[in-house]
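K.L.:
Would you be able to build a 3D model of this:
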Amino acid sequence: MIDLVRIFDSLSNPIRIDILLIISNKNLTAGEIASHFKLEKATISYHLSLLKKSKLITDSKYKNYIYYSINRDTFVEVIRWLDKF
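P.N.:
Sure thing, here's the model as predicted:
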């Protein structure tokens, strides 16, 4: 079961929405994501952590880097839930 409260809380922040849009078509590292913002890298890491906790994104290691990507399964579950209405 998905945690809808956590998901919608994550989606309520414009920075997190922008992060999702940035990685929607390409897996990126935290540094690559941060380059799109005028924010501290720690702030981006905080937002990435919240997105991971809500299972909207996943991460995978490759060499010395961690790449973030959209967790499409969670979005499918949310859409199914919304479709009930």
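K.L.:
what helix or strand is residue 52 on?
P.N.:
Taking DSSP states H and E as the criterion, residue 52 maps to helix 41-53.
K.L.:
tell me the angle the very next helix or strand once past that helix makes with helix 41-53.
P.N.:
On the C-terminal side of helix 41-53, the closest following helix or strand by DSSP H and E is strand 57-62. Orientation check (axes from the mean of the first three to the mean of the last three C-alpha atoms, to 10 degrees): strand 57-62 against helix 41-53 gives 110 degrees.
K.L.:
Name the residues of strand 57-62 that are buried.
P.N.:
57-59 (16 or more other C-beta atoms under 10 Å). C-beta here means a position set from N, CA and C on the backbone, and glycine is covered the same way.
K.L.:
out of those residues, who's nearest residue 12?
P.N.:
Closest approach to residue 12 among the buried residues of strand 57-62 (C-beta to C-beta): residue 57, at 15.8 Å.
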